[in-house]
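> the following comprises the amino acid sequence and a computationally predicted model.
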Amino acid sequence: MNLQTMEYISALARERSFTRAAEALHITQQSLSGHIASVEQELGVQLVVRRVPLELTYAGQAFLRHAEAIRQEVLALRQELCDITGEQRGQLRIGVAFTRSKAIMPDIVTAFQREYPNVELCMLENANEKFHRALLDGEVDLAIANFPSALPEIELEPFYHEDVVLLISRALLRAHGLTPEQCVRAVQAEDYSVFRACPFLLGSRPQDISGFAAQQALRSIGAPVRVPARSDNADTMITLCERGCGVYFCSELLLRALRSGSQLQQMLTVRLPRRQAGEIRFAYRRKLYQWQLIDAFIRIARNTVQTG
C-alpha cells in the first residue's frame, strides 16, 4: 500500500467503475483490478463491491477518508517545499465557470506561464455553486466565482465587478418600433416594459449573474414574454440575438471575448447599472500553510483582467 493506492481508491470512488477509473488514471483495467486485489489481500479486508455501479465497502469508505487526508497533507508538503526552494513546479488547480473561463482565462494563463513556465494550470470548469464543495474536498486549490460575501472554512478575496449588458439586434429594434435612445433610458431606469412585445433568449440558470439580470427584467415587464430558445451556451445565444431572435443578457467580458467590435455593429449593446453587476471573488480553503503560488496567481489575474 502506498500513495498510488490512495490515488486508485479515490478514482474508483469518483468514477464508480474499474473501466472509467483506469481510463482516468491512464492504466489498464487489469492493472488497476490486480492492484486493488493485492491491497485487499494485504489489509485483510474487502475495499470495493465489484458490481455495476461499483461501490466502496464500509472499510473502503474508511480507507478513502484517511487516504484523502493523507493526500492533502502530501500535496501541502510538496507546495511548501516548492516555496522553500523557490522552484515553483507542479500543478495549480483552478475552478472557474464555463463561460467565465472563456472570458478571462486565456489571458491569465498566458501571463501566468510567462512567469511560471514549470507550473501546469489545471482548470476545472463547472457551475459556480459546485466550487464551495470542490474547495472543501480538496479538488481545486483556488476558485473564481460569484461567491457570497462569506463561506464556511473559505477565504475570499475580491477580483472584479462583472458587468452585464443587454443585447438586441437593430433589426429587432426596428421590427418593434424601438429606438436606441428608448432602450438606453429603459435599462438605466431598470424599467423594461418597452420590451414587452419582444422575445427573450434565456439561459437555464437564473442564479448566475446574467440569468439574475434577465429575471429582474422579466419581473419589471410583469407579463409573460415569448422565449424562442433557452441555452447556457452564450456563443449560440449571441448568434441567435444577432439574427433577431430575441433580447439577451450577457456578461460584458464574455461578449468581448466572443465578438469583436466590428461584429457587433448590427447590435445595440447597453450596459446595465453597476448595482446589477456581479462581485467576482477568489476563494481558497483556509489552511495552516498557504502555497505562495496561489497569491502569485491572484496577483497576475488582477493585473491581467481589465474591466470597464
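That came through, no problem. Residues are numbered from 1 along each chain as shown.

> domain map for the chain?
3-69, 88-161+278-304, 164-276 (automatic domain parsing).

> can you give the distance of the shortest one from its chain's centre?
The chain centroid and the centroid of domain 3-69 are separated by 28 Å under CA atoms, centre = their mean, to the nearest Å.

> okay, how far is it across it, tip to tip?
From its first residue to its last, domain 3-69 covers 12 Å (CA to CA, to the nearest Å).

> any idea of the mean pLDDT in that domain?
Averaged across domain 3-69, pLDDT comes to 87.

> now stretch 163-175
For stretch 163-175, mean pLDDT rounds to 94.

> what of stretch 271-290?
Here stretch 271-290 scores 84 as its mean pLDDT.

> who touches the residue nearest to residue 89 when sequence neighbours are not counted in this structure?
For residue 89, ignoring the flanking residues on the chain, the nearest one in space by CB to CB, 6 or more residues apart in numbering is residue 118 at 4.1 Å. C-betas here are computed from N, CA, C, even on glycine. Listed by CB atoms under 8 Å, 6 or more residues apart in numbering, the contact set of residue 118 reads 87, 88, 89.

> same check, this time on residue 248
With CB under 8 Å, 6+ apart, residue 248 has these contacts: 166, 167, 168, 200, 201, 237, 238, 240, 241.

> quick check: bridge partners of the third one?
Residues in a beta bridge with residue 168, per DSSP bridges, are residue 268.

> please apply the same query to the fourth one.
Residues in a beta bridge with residue 200, per DSSP bridges, are residue 247.

> that one: neighbour count?
Look at residue 200: counted by other CB atoms under 10 Å, it has 23 neighbours.

> tell me the secondary structure for residue 165?
Secondary structure for residue 165, judged by DSSP: H, G, I helix; E, B strand; the rest coil, is strand.

> for residue 30, grab the count of nearby residues.
Neighbours of residue 30 using other CB under 10 Å come to 10.

> equivalent analysis for residue 69, please.
Residues lying near residue 69 (other CB under 10 Å) number 12.

> which residues touch it?
By CB under 8 Å, 6+ apart, residue 69 has no neighbours at all.

> ok, it to residue 151 distance?
Residue 69 sits 21 Å away from residue 151, going by CB to CB, to the nearest Å.

> over to residue 222?
Using CB to CB, residue 222 is found at 35 Å from residue 151.

> show me where the stretch 51-200 of the chain has its helices.
Taking DSSP state H, counting those that start in this stretch, the helices of the stretch 51-200 of the chain run over residues 58-85, 98-115, 131-136, 170-175, 180-189.

> redo those as CSV? Include distance to residue 267.
Conversion of the helices of the stretch 51-200 of the chain to CSV gives the following (distance: least, CB to CB, whole Å):
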stretch, distance to residue 267
helix 58-85, 46
helix 98-115, 18
helix 131-136, 32
helix 170-175, 7
helix 180-189, 11
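
> ranking those helices by mean pLDDT, which is last?
Across the helices of the stretch 51-200 of the chain, helix 58-85 has the smallest mean pLDDT, namely a mean of 77.

> can you list the buried residues in that one?
Of the residues in helix 58-85, 60, 63, 64, 67, 68, 75, 76, 79, 82 count as buried by neighbour count, 16 or more other CB atoms under 10 Å.

> and what of stretch 94-108?
94, 95, 96, 97, 99, 100, 101, 102, 103, 104, 105, 108.

> what's the closest of the residues you listed to residue 304?
Closest approach to residue 304 among the buried residues of stretch 94-108 (CB to CB): residue 108, at 5.0 Å.

> could you check how far that closest one is from residue 123?
10 Å.

> cool, and residue 238?
In terms of CB to CB, residue 238 sits 22 Å off from residue 123.

> compare these two and say which is more crowded by neighbours.
Each of residue 238 and residue 123 has its neighbours counted (other CB under 10 Å); residue 238 has more, 21 against 16.

> which SSE is the more buried one in?
helix 234-242 (DSSP states H and E).

> pull the distance from that helix to the chain's centre.
20 Å.

> can I get it as PDB, trimmed to CA atoms?
Below are the C-alpha coordinates for helix 234-242, written out as PDB (Å, rounded to 0.1, in the frame of the first residue of the first chain):
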ATOM      1  CA  ALA A 234     -23.500  32.100 -24.600                       C
ATOM      2  CA  ASP A 235     -21.900  31.900 -28.100                       C
ATOM      3  CA  THR A 236     -25.000  30.200 -29.500                       C
ATOM      4  CA  MET A 237     -27.400  32.700 -27.800                       C
ATOM      5  CA  ILE A 238     -25.400  35.700 -29.100                       C
ATOM      6  CA  THR A 239     -25.600  34.300 -32.600                       C
ATOM      7  CA  LEU A 240     -29.400  34.000 -32.200                       C
ATOM      8  CA  CYS A 241     -29.500  37.500 -30.900                       C
ATOM      9  CA  GLU A 242     -27.600  38.800 -33.900                       C
END
